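[1] Turn this into a model:
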Amino acid sequence: MSISGADNFEPTRSGPVNGPGGGNPPVPNNSPAPQPLPFPTNLPGFTVLSFVGGGGFATVFRAHDNKMRRDVAVKRLLPARAADRYWRARFDYEGVIQGDPQMPSGVVQVYQRGDDQYGPYLVMEWVDGGTLADWHQRHNGRAPWKKCVQLCQELAETMEKVHRLRYLHRDLKPLNVLLSAGDRTRISDFGLAKQLGTNAAADPRTQPGMAAGTLGFTAPEQFRDFGHAGPEADQWSIGAILHMLLTNELPVAGYSSVACSDGVMQQRGIPEPVRKAVLRSLSFHPEDRFSSMADFAKALGSGTGYGRKATVVAAAMLALATAAGVVSVWSPEVSTQPAPADAVRPGPDSPESGIVPMRDLVAVPPATFVMGLDGVNGTSPQHTVRISRGLLVSRYEITQQQWLRVMGTRPWLAAGGEDDGRLPAAGIAWRDAMDFCERLTQVENSGRKYRLPTEAEWEYFSRGGSKAGWSCEEAELPQFAWFGGASGGSSAAGPQPVGTKLANPFGLYDVHGNVFEWCLDWFDPSYYVRSPETDPPGPVEPPQSEVEGFRPERVCRGGSWQRNDITCGSGFRFSAGDEESRSGLEFGFRVVVEDSGDSSSP
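    From the prediction side, this is the model:
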C-alpha cells in the first residue's frame, strides 16, 4: 500500500450498505482540494503562519496564539459541508469529544470551538511531527519492528483510557495518528466517535443503510452495523495499523489469511508473541479478540522487551487479512540454467500464427526443487518437488487483445479499467481463466492444449533457477516488477503494459507483480504435508472449514501492481474467490502447454 502525505486531509469515506453481510466498501472522495477559506474572523490575537492543507471536508491552518504563546492548528469546516446535517454533526462531535478535559494526553486537545460568517471552526493543539502515514513513508516501509509495535502499544494504552471515558473512536488509521516530539503518538479526528450508551437512532451520523469508516482499517462488524460497533472495533483498527506497519499490507479477505499474515511477519523477524497478538486483534468475530485494549497492549509488550506481562492466545482464523509467502530453496540437482533474458522488450505484437504465437511460448525444462519454508503456517514443511515434464509457458500474461479475440468480452471495464490491448486482461475470475484456456484450444486448433499452471509449476518457472525470494536480487526488484507498497516499488495506478520490465532468467515477463496469476489448485494451507513429490496436482477436493461464511478459494500467485514486495515473491501464497477477483484489476493469468518435445513449430 502506498501512502501519500497529500491525503492527510481526505475525509473518511462512507456510503450506503448493499449486499449480504454488510455491503460494498465506501467509495473514495476524489474531489480536488479547495482553495483555503479566510482565517476565522472571530479569532483576534492569533497570527496566521501557514495554510496546512485541505480536502473535501475541511481546511487547516497553522497559527500562533499570541496570548498563550503557542502554535495551534485551526480547522474550518467547508461551507458546503456546514449546510449538511451529517457533516456538521461530525465536526461538532470532534470538537466536543476532543475538548473533553478528561481526555488523556495521547489525544489531540481541542481548545476552542466557534462560528463566524464562513461556518464552524476548531482551535486545536498543534502537533508538528506529521502523521503516522508520513512516518511510515519516511522509513520506506522498513521501520524497525520494535518501534512499530511500541507506537501501536502506545495507541492501545491511550484508547484504553478513552474507552474508560465511554468514548469509541471508530476511525483509527495512520492518517488520524499524529506524532509529536520524540515520536509520541497523538490520536486525532474524532468525527466518527460516539459515547457508549447514547441512542444510535438519534445520531445524525448514523443513518439507515449507512456504513462509515476507512476501508482496510475498519472492523467488519462496523461496516455491517455502524451504529452498534463496540470497543472491539477500535482494537481491530489498531491491529490493522500495526499489520500495515509490519508488512506494508492491509488486512484483506482470503482463506489463506492466518497462515499468510503470520508468514510475512515471520519473514521479517517479528517474534511469535507479537504475531499472535496482531492476528488475535484482527479476529473476524469481536468476541475472539482481546477483552480490552489494556490486554492487547500487554500482549504487544511481551514481544518487545519492554517488560510488560504478556497475554498470548492462539490466533483464530481470520476472514479479513493479508497473505504471506513461501520461500523456496532450489535443489542442487537442477542442472539447466537458461541464460538471462535480454533487457526490456515490448509486449506481444498482433499474433501472426495463433492467438498465442509460438515465439511467445517459452520452453521450460523439467527440474527438481525444494518448496516451502519450515516454521511458517501454511507453507511448511519444506518438501522436494519434481517437475517431470517440460512446459511451454506464455512469455507474457494474457493481454486484453488476446482475451477479446477469444472471449469477445471486456471484464476489465466492469472492474474500473480501461481499454488497451497491451495491458494484461484483469478482473478475471478463476472460472473465467479456465473457460479462456478451453476456448483458446478450440479456436486455435493448433494441436496445443492450453491450461493454467499448477501451483508447483508456477513457482518453478517463476523462480527461473533462483534460490532467493524472487528471481532477481531484492534491490533489483523494481526493474523486474510493477508493485506497490512503501518499499521502493515501481508504484502504478493500475496494471501496466506487459513486458515493460525485465524478464526472469527463463525469459518470462511480469512473474512478479502487475497482476496476480491464477493456478489450477484449490488453496489448502495444510496441503504441503501430504503433497506428492512428483508433479503435485494440488488438492483433489476443496478444503472444508467450520469457520462461518467460509468458501473455498483457488490459488493465485505473483502479487500485483498494488501489493508489496513480499507479495510478489516466487513463493508467496495467496487465494481468492470469484467475487473478489472480478471486482478489481488485480487478477489475471498466463497459460501453459505440456511440451511434447518439439518446440520448433506450432
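[2] Low-confidence ranges, the stretch 151-300 of the chain, go.
    197-212, 227, 252-260 (pLDDT under 70).
[3] give me that answer again for 80
    Low-confidence segments of the stretch 151-300 of the chain, defined by pLDDT under 80, are located at 181-182, 196-213, 215, 223-228, 251-264, 267.
[4] Do a quick rundown of the helices in it.
    Taking DSSP state H, counting those that start in this stretch, the helices of the stretch 151-300 of the chain run over residues 220-224, 231-247, 257-267, 272-281, 293-301.
[5] how about those helices, which one is nearest residue 154?
    helix 293-301 (8.1 Å; C-beta to C-beta). Bear in mind the C-beta positions are built from the backbone N, C-alpha and C, glycine included.
[6] and that closest one, what other elements does it pack with?
    Applying 3 or more C-beta pairs under 8 Å, 6 or more residues apart in numbering; DSSP states H and E, we find helix 293-301 packed against helix 145-164, helix 231-247, helix 272-281.
[7] rerun at 7 Å
    Judged by 3 or more C-beta pairs under 7 Å, 6 or more residues apart in numbering; DSSP states H and E, helix 293-301 is in contact with helix 145-164, helix 272-281.
[8] Can you lay out the ones you listed as JSON lines showing distance to residue 48 and mean neighbour count?
    Listed next are those as JSON lines, based on distance: least, C-beta to C-beta, whole Å; neighbours: other C-beta atoms under 10 Å:
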{"stretch": "helix 145-164", "distance to residue 48": "30", "mean neighbour count": "21"}
{"stretch": "helix 272-281", "distance to residue 48": "41", "mean neighbour count": "24"}
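[9] In a markdown table, list the ones you listed along with distance to residue 451.
    Formatted as a markdown table, these follow (distance: least, C-beta to C-beta, whole Å):
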| stretch | distance to residue 451 |
| --- | --- |
| helix 145-164 | 41 |
| helix 272-281 | 35 |
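[10] quick one on the thing from earlier: Throw the helices of the stretch 151-300 of the chain into TSV and include distance to residue 590, thanks.
    TSV is the format used below for these (distance: least, C-beta to C-beta, whole Å):
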stretch	distance to residue 590
helix 220-224	33
helix 231-247	26
helix 257-267	22
helix 272-281	33
helix 293-301	41
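[11] wait, which of the helices and strands packed on helix 293-301 is closest to residue 497?
    Proximity to residue 497 (C-beta to C-beta) singles out helix 145-164 among those, at 35.7 Å.
[12] what about dumping the CA coordinates of the closest one to PDB?
    Extracted C-alpha coordinates of helix 145-164, given in PDB (Å, rounded to 0.1, in the frame of the first residue of the first chain):
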ATOM      1  CA  TRP A 145       9.600  -3.600  14.000                       C
ATOM      2  CA  LYS A 146      10.100  -2.900  17.700                       C
ATOM      3  CA  LYS A 147       9.400   0.800  17.100                       C
ATOM      4  CA  CYS A 148       6.200  -0.100  15.100                       C
ATOM      5  CA  VAL A 149       5.000  -2.300  17.900                       C
ATOM      6  CA  GLN A 150       5.900   0.400  20.500                       C
ATOM      7  CA  LEU A 151       3.800   3.000  18.700                       C
ATOM      8  CA  CYS A 152       0.800   0.800  18.400                       C
ATOM      9  CA  GLN A 153       1.100  -0.300  22.000                       C
ATOM     10  CA  GLU A 154       1.000   3.300  23.000                       C
ATOM     11  CA  LEU A 155      -2.100   3.800  20.800                       C
ATOM     12  CA  ALA A 156      -3.800   0.800  22.600                       C
ATOM     13  CA  GLU A 157      -2.900   2.300  26.000                       C
ATOM     14  CA  THR A 158      -4.400   5.700  25.000                       C
ATOM     15  CA  MET A 159      -7.500   4.100  23.700                       C
ATOM     16  CA  GLU A 160      -7.900   2.000  26.900                       C
ATOM     17  CA  LYS A 161      -8.200   5.400  28.700                       C
ATOM     18  CA  VAL A 162     -10.600   6.700  26.100                       C
ATOM     19  CA  HIS A 163     -12.800   3.600  26.400                       C
ATOM     20  CA  ARG A 164     -12.900   4.100  30.200                       C
END
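[13] Taking helix 293-301 as reference, get the angle to that helix.
    170 degrees (axes from the mean of the first three to the mean of the last three C-alpha atoms, to 10 degrees).
[14] So which other helices or strands are in contact with helix 145-164?
    Using 3+ C-beta pairs under 7 Å, 6+ apart: helix 145-164 touches strand 185-187, helix 231-247, helix 293-301.
[15] Return the most buried member of these.
    helix 231-247 (a mean of 26; mean count of other C-beta atoms under 10 Å).
[16] So which elements touch it?
    Under the contact definition 3+ C-beta pairs under 7 Å, 6+ apart, helix 231-247 sits against helix 145-164, helix 257-267, helix 272-281.
[17] right, and these - which one's nearest residue 385?
    Residue 385 lies closest to helix 257-267 among the helices and strands packed on helix 231-247, at 18.4 Å (C-beta to C-beta).
[18] Break this structure into its domains for me.
    35-125, 132-301, 359-594 (automatic domain parsing).
[19] Okay, residue 214 and residue 278: tell me how far apart.
    Counting by C-beta to C-beta, to the nearest Å, the separation of residue 214 from residue 278 is 18 Å.
[20] For stretch 263-275, measure first residue to last.
    Start-to-end span of stretch 263-275 (C-alpha to C-alpha, to the nearest Å) is 9 Å.
[21] ok, now stretch 555-562?
    18 Å.
[22] what residues does that stretch touch?
    455, 458, 462, 482-484, 492, 494-496, 511-519, 521, 523, 567-568, 572-576, 586-587 (C-beta atoms under 7 Å, 6 or more residues apart in numbering).
[23] related to what we said a few turns ago, let me have the helices and strands packed on helix 231-247 in CSV, extended by distance to residue 476.
    Shown next, in CSV, are those (distance: least, C-beta to C-beta, whole Å):
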stretch, distance to residue 476
helix 145-164, 24
helix 257-267, 19
helix 272-281, 29
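[24] Tell me which of those sits nearest to residue 372.
    Comparing the helices and strands packed on helix 231-247 by C-beta to C-beta, helix 257-267 comes nearest, at 10.7 Å.
[25] With respect to residue 107, which of the helices of the stretch 151-300 of the chain lies nearest?
    The closest of those to residue 107 is helix 231-247. By C-beta to C-beta, the value is 12.7 Å.
[26] you'd agree residue 53 is in a helix?
    No - secondary structure of residue 53 (DSSP: H, G, I helix; E, B strand; the rest coil): strand, not part of a helix.
[27] Touching, it and residue 60? I think so.
    Yes - using C-beta atoms under 7 Å, residue 53 is in contact with residue 60, at 5.7 Å.
[28] ok, which stretches of the stretch 451-600 of the chain are strands?
    In the stretch 451-600 of the chain, the strands defined using DSSP state E, counting those that start in this stretch lie at 516-522, 554-557, 574-576, 587-588, 592-594.
[29] Tell me which of those lies nearest to residue 135.
    strand 574-576 (27.9 Å).
[30] Would you reformat the strands of the stretch 451-600 of the chain as JSON lines and include mean neighbour count, mean pLDDT and distance to residue 371?
    Supplementary listing: these in JSON lines, determined by neighbours: other C-beta atoms under 10 Å; pLDDT from 0 to 100; distance: least, C-beta to C-beta, whole Å:
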{"stretch": "strand 516-522", "mean neighbour count": "25", "mean pLDDT": "95", "distance to residue 371": "13"}
{"stretch": "strand 554-557", "mean neighbour count": "28", "mean pLDDT": "93", "distance to residue 371": "12"}
{"stretch": "strand 574-576", "mean neighbour count": "27", "mean pLDDT": "89", "distance to residue 371": "16"}
{"stretch": "strand 587-588", "mean neighbour count": "30", "mean pLDDT": "96", "distance to residue 371": "23"}
{"stretch": "strand 592-594", "mean neighbour count": "19", "mean pLDDT": "88", "distance to residue 371": "17"}
